[in-house]
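Undergrad: This is a predicted model, with the sequence first.
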Amino acid sequence: MSGEATLPIASTRQVGAAAWAQIRAARGTVAAMLVLNALAAGAGLVAPWLLGRIVDAVQAGPGPDLHGTIDMPAVWIITFTIVQTLLVRWALSVGYRFGERAAGNIRERFLQRALSIPAAVVDRVPVGDFVVRGTIDSSMVATSLRRAIPEVLIALVQALFLIAAVLVVDPLLGACGLASLLGIGVALRWYLRRARPAYLHEAATGAQLADVVTSTAKGARTVEALGLHDERARTVDSAVAEARSARLRTLRLRTVLFPSMDISYMLPVVAVLLIGAALVDNGAVSLGAVIAATIYLRQLVGPLDTLTVWVEQIQAAVASYTRVEGIALVPTAPAVATAEVRDDRIVVDDVYFAYDSGRDVLSGVALTVRPGERLALVGTSGAGKSTLGRLIAGVDRPRAGTVTVGGVAVADLSPDRLREQVVLVTQDHHVFQESLRDNLLIVVPTATDAELEQAMVSVGATWVHDLPEGLDTVLGTQSKLDGAQAQQLSLARVVLANPHTVILDEATALLDPTTARTTERSLAAVLENRTVIAIAHRLQTAHDADRVAVMEDGRLIELGTHDELVAAGGAYSRLWRSWHGD
Ligand SMILES: Nc1ncnc2c1ncn2[C@@H]1O[C@H](COP(=O)(O)OP(=O)(O)OP(=O)(O)O)[C@@H](O)[C@H]1O
């Protein structure tokens, strides 16, 4: 396979819109979070203000009711601190619930979208990228939503209240304090400019590493057989090195950001103390006001710190979110056709097809498959036989021209209706780690146990009667199927789907001779009374077929019976002669 496609990445705007949709869907909860946060932040302002008043009262000297001036405010300070703690906890728990629901929605959406991606696309994108988006990226987004939204909201509201409070206490002092917060802005700007590309790169190199490792593990036999250990080790090493350097880059960004932030937090406190001392000397402000402003600015560190930590995490999460949302940009299959399929006739009309690389691998192919016939597709390697098979099976869609069954485009049929018309049988058959019954019911959910057993027996899988739990046996754990049995299971699915046409592509080509013999016997049972299009690797198949279609370089160059084509003396007769050795 050449020209592997990649999955798209959503823009930050699209991610913003997706996140906004989550917030809109839970407006009531978000409004409750905001109100609770505002109340908590308001309660938090009381203590420093009262402390300032106590200092002013003490500084004014012993009055008639000094104890009252100190004791009552002290009680209020404790009361408001407790109220604030309770409100923050309440706000957090509402926030976490919102985050949990949003995280669940995002995972569900990912799964739904992933399942609606056409098989043709899934076939061509790197598996690792898919896996990382569905696991690491989705978890990253989910964790951030679960914690980030509530905590960032609390921190934001607190910060706004504290800034307002410090300006109310004394506008000049407040302005000086806030001005010295500018350092935070500079450090953050520096960081944010670099963070998004750095985190995207980190995620991409992680996905690439997963891909390299998965494909190496999957191809372990080939690696062993061809002695490719060194080559694979080099590929894995280079993927590891790239992933490592991408991680180090984001780490370096953090090691600059965090110390700069720490220094920036201290600046306003120092500024307010220095300027405040001068102002108190001049009698421009009271000592209590300086103390209250200092405490407010000091308290600002908490929310700002939370915001910085989350900005860092949110950068990574946004990068992950763009990858998770990117799945939505994969064009899904267009609306399914509702038209009635008139008959079993398959017509390929002037079809052109190109993979992602853009070059046409099928050009102007036209062919009518007669119901009930056995048609063999032959041609040299790369001629386009499998591609034509995929188009007739509705897996891929022609770039131009049409492939129809009974007058309806096959690629427009819903999977359920398509299965009743045409099924492509390859050696790629999947056994799910579920019961044998569930493995069969995926094709016809309404089939009875008797029908399932009959389908198995019809393809020669009499071993179904020897399974420890019968149809309830969990495959892969309670019972491991060998190659022939797995192929029989997939053929039993074809029997259940009961299509009028079966396309065979290398269904037995790579099986060992014993397995191939068993499978061929099972196949013969499946093919009875159906139209068969066989992509033939052995010309004996072509010899036994009703008609032979010869392909070369994406074109259909000959079509006729074996005898006609041999007599015509063209490409097929040359193939036949060289195969026969005369
Ligand atoms: N997934 C893919 N992406 C890009 N190009 C592809 C893909 N699959 C096949 N091709 C290209 O399309 C052309 C036709 O391939 P196809 O597999 O249909 O030929 P074939 O006649 O079935 O060959 P073979 O007998 O070797 O299977 C070839 O040039 C092949 O490289």
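TA: Received, thanks. Owing to the predicted nature of the structure, the values given are computational and were not obtained by experimental measurement.
Undergrad: From now on I want contacts and neighbour counts done on CA atoms only, so please keep to that.
TA: Noted.
Undergrad: So is stretch 556-571 next to the ligand?
TA: No. Judged by CA under 6 Å from any ligand atom, stretch 556-571 and the ligand are separated, with a smallest distance of 11.1 Å.
Undergrad: buried ones in that stretch?
TA: 556, 558-562, 565-566, 571 (16 or more other CA atoms under 10 Å).
Undergrad: among those, which two are most distant?
TA: The most widely separated members of the buried residues of stretch 556-571, counting by CA to CA, are 556 and 566 (16.3 Å).
Undergrad: Next secondary structure after the worst-scoring helix or strand of the chain on mean pLDDT?
TA: Ranked by mean pLDDT, DSSP states H and E, the helix or strand of the chain with the weakest confidence is helix 119-124, at a mean of 70. Next helix or strand after helix 119-124 toward the C-terminus (DSSP states H and E): helix 127-132.
Undergrad: Next secondary structure element downstream of that following helix?
TA: Criterion used, DSSP H and E; the element after helix 127-132 is helix 138-169.
Undergrad: Please spell out which residues along that following helix are buried.
TA: So helix 138-169, judged by 16+ other CA under 10 Å, has buried residues 138-159, 161-163, 165-167, 169.
Undergrad: With just CA atoms, put the helix or strand just after it into PDB.
TA: Counting by DSSP H and E, the element after helix 138-169 in chain order, helix or strand, is helix 171-179. Provided in PDB are the C-alpha atoms of helix 171-179 (Å, rounded to 0.1, in the frame of the first residue of the first chain):
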ATOM      1  CA  PRO A 171      -6.700  52.900  43.700                       C
ATOM      2  CA  LEU A 172      -3.100  54.100  43.600                       C
ATOM      3  CA  LEU A 173      -1.700  51.200  45.600                       C
ATOM      4  CA  GLY A 174      -3.800  48.800  43.700                       C
ATOM      5  CA  ALA A 175      -2.700  50.200  40.300                       C
ATOM      6  CA  CYS A 176       1.000  49.900  41.400                       C
ATOM      7  CA  GLY A 177       0.500  46.300  42.500                       C
ATOM      8  CA  LEU A 178      -1.300  45.300  39.400                       C
ATOM      9  CA  ALA A 179       1.200  47.000  37.100                       C
END
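Undergrad: Number the residues from 73 up from this point.
TA: Okay, residue one is now 73; in that scheme the one you just asked about reads as helix 243-251.
Undergrad: For the next helix or strand after helix 243-251, buried residues please.
TA: Following helix 243-251 in sequence order, the next helix or strand is helix 254-290 (DSSP H and E). By neighbour count on 16+ other CA under 10 Å, the buried set for helix 254-290 is 255-256, 259-260, 263-264, 267-268, 270-285, 288.
Undergrad: Among those, name the ones that also lie close to the ligand.
TA: Okay, of the buried residues of helix 254-290, nothing touches the ligand (CA under 6 Å from any ligand atom).
Undergrad: Do you have the strands of this structure handy? List them.
TA: Using DSSP state E, the strands of the chain run over residues 418-426, 432-441, 446-451, 472-477, 480-481, 494-497, 573-577, 603-607, 619-624, 627-632.
Undergrad: pLDDT on stretch 538-556, on average?
TA: For stretch 538-556, mean pLDDT is 81.
Undergrad: Let me know the closest of the buried residues of stretch 628-643 to the ligand.
TA: For the buried residues of stretch 628-643, the minimum distance to the ligand (CA to the nearest ligand atom) is 11.1 Å, reached by residue 628.
Undergrad: quick one: pLDDT of the closest one?
TA: 92.
Undergrad: Give me the neighbour count for residue 85.
TA: 10 (other CA atoms under 10 Å).
Undergrad: close enough to count as contact, residue 175 and residue 220?
TA: No. Residue 175 is beyond contact range of residue 220, at 11.4 Å (criterion: CA atoms under 8 Å).
Undergrad: The strands of the chain: which one's closest to residue 330?
TA: Nearest of these (CA to CA): strand 418-426, 51.0 Å.
Undergrad: Ramachandran angles for residue 600?
TA: Dihedral pair for residue 600: phi -50, psi 130, per degrees, to the nearest 10.
Undergrad: how near is it to residue 242?
TA: For residue 600, the distance to residue 242 equals 92 Å [CA to CA, to the nearest Å].
Undergrad: which of the two has more neighbours?
TA: residue 242 (18 against 10).
Undergrad: Show the pLDDT at that one.
TA: The model's pLDDT for residue 242 equals 84.
Undergrad: ok, it to residue 356 distance?
TA: Taking CA to CA, one finds residue 242 at 10 Å from residue 356.
Undergrad: for residue 78, same thing?
TA: With CA to CA as the criterion, residue 78 and residue 356 are 66 Å apart.
Undergrad: any idea of the mean pLDDT for the longest helix along the chain?
TA: Counting by DSSP state H, the longest helix found in the chain is helix 301-354. Mean pLDDT, helix 301-354: 88.
Undergrad: Next up, the contacts around the closest residue to residue 166 other than its chain neighbours.
TA: Nearest residue to residue 166, sequence neighbours excluded (CA to CA, 6 or more residues apart in numbering): residue 105, at 6.3 Å. Residue 105 sits next to 163-164, 166-167, 222 when contact means CA atoms under 8 Å, 6 or more residues apart in numbering.
Undergrad: got a pLDDT number for residue 105?
TA: Residue 105 is given a pLDDT of 86.
Undergrad: Number of residues surrounding residue 122?
TA: 20.
Undergrad: any idea how far residue 598 lies from residue 463?
TA: 21 Å.
Undergrad: I should have written residue 211 there, sorry.
TA: 37 Å.
Undergrad: can you check residue 281 too?
TA: 33 Å.
Undergrad: what's the answer for residue 371, then?
TA: Taken as CA to CA, the span from residue 371 to residue 463 is 66 Å.
Undergrad: Give me the more crowded residue out of the two.
TA: residue 463 (21 against 17).
Undergrad: leaving aside the residues next to it on the chain, what's closest to the more buried one?
TA: What sits nearest to residue 463 in space, not counting adjacent residues and going by CA to CA, 6+ apart, is residue 469, at 6.0 Å.
Undergrad: do the same with residue 501
TA: residue 562 (6.1 Å).
Undergrad: cool, and residue 480?
TA: Residue 480 sits nearest to residue 413 (CA to CA, 6+ apart), 5.9 Å away.
Undergrad: Check what pLDDT that neighbour gets.
TA: 82.
Undergrad: Determine which residue belonging to the stretch 273-422 of the chain approaches the ligand most closely.
TA: Closest contact between the stretch 273-422 of the chain and the ligand, by CA to the nearest ligand atom, is at residue 420 (15.4 Å).
Undergrad: Run through the residues that contact the closest residue in space to that residue that isn't next to it in sequence.
TA: Setting aside the residues directly before and after it, residue 420 is nearest to residue 475 in space (CA to CA, 6+ apart), at 4.5 Å. By CA under 8 Å, 6+ apart, the contact set of residue 475 is 418-421, 423, 463-464, 481-483.
Undergrad: Buried members of those residues into PyMOL, please.
TA: Restricted to buried positions by 16+ other CA under 10 Å, the PyMOL selection for those reads:
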select buried, resi 418+419+420+421+423+463+464+481+482+483
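Undergrad: So what touches stretch 363-375?
TA: For stretch 363-375, with CA under 8 Å, 6+ apart as the criterion, the contacting residues are 117, 120-121, 123-124, 226-228, 230-231, 234-235, 237-238, 241-242, 245-246, 249, 337-338, 340-341, 344-345.
Undergrad: for stretch 300-312, same thing?
TA: With CA under 8 Å, 6+ apart, stretch 300-312 has contacts from 277, 280-281, 284-285, 288, 294-295.
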